[in-house]
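Asker: Quick check, what structure comes out for this input:
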Amino acid sequence: MAVKQLSVFVENKPGRLSEIISAIGDNGLDIRGMSLSDTTNFGILRVIVDDPEKGEKALTDAGMTASVTEVIAVGIADRPGGLSEVLKLLNSENISVEYVYAFISREIKTAYVIIRVDDNDRAEKILREKGVSVLTDKDIRSM
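Answerer: Sure thing, here's the model as predicted:
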């Protein structure tokens with residue numbers, strides 16, 4: 001089961017990120033993880049919140065460009081090589097990874113990572129079969 005992530009278009013100008021994060025917080029949403037990548041003129045903010053549909057509505061109501069994207073979330077051993085093992089599993093099955101970022105974990109010795117791949121269902125099946133902990137939206141909302 002894929003996890004829902006907000007993808008937000010961010011104009012590269014002073015205060016814009018603050019406005020986006022404020023819109024999320026002002027609507028009672030809790031951020032679990034986020035990543036921002038940018039170019040000269042704009043960026044894409046990827047955010048995991050406890051209610052992605054509410055987040056999308058809050059942002060679009062505030063005049064921002066936002067959409068919900070499906071990604072997978074995995075729990076990996078928080079040790080050197082933990083992420084490498086998961087990425088090698090995906091690579092061995094020719095699953096293309098578009099991007100990766102970590103998010104907050106309250107569990108000791110477990111790191112949580114968001115992975116955007118070209119085939120969520122297939123990637124999740126392979127990872128589960130190999131004993132990798134794949135999280136659901138419900139898991140993330142309860143963290």
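
Asker: Could I get the full set of strands for the chain?
Answerer: Taking DSSP state E as the criterion, the chain contains strands spanning 3-11, 31-38, 42-49, 66-77, 97-103, 110-117, 133-135.

Asker: got the contact list for the residue lying closest to residue 97 once chain neighbours are set aside?
Answerer: Computed as CB to CB, 6 or more residues apart in numbering, the closest residue to residue 97 that is not its neighbour in sequence is residue 117, at 5.6 Å. Where C-beta positions appear, they are placed from N, C-alpha and C, glycine not excepted. By CB atoms under 8 Å, 6 or more residues apart in numbering, the residues touching residue 117 are 72, 90, 95-98, 123.

Asker: Show me the two of the residues you listed that sit farthest apart.
Answerer: For these, the maximum inter-member distance is 13.0 Å, found between 72 and 96 (CB to CB).

Asker: returning to that earlier point: mean pLDDT added to the strands of the chain, as TSV?
Answerer: TSV is the format used below for the strands of the chain (pLDDT from 0 to 100):
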stretch	mean pLDDT
strand 3-11	94
strand 31-38	89
strand 42-49	94
strand 66-77	93
strand 97-103	91
strand 110-117	87
strand 133-135	92
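
Asker: Could you export these to TSV, including columns for distance to residue 86?
Answerer: Rendered in TSV, the data for the strands of the chain read as follows (distance: least, CB to CB, whole Å):
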stretch	distance to residue 86
strand 3-11	15
strand 31-38	16
strand 42-49	18
strand 66-77	6
strand 97-103	9
strand 110-117	7
strand 133-135	10
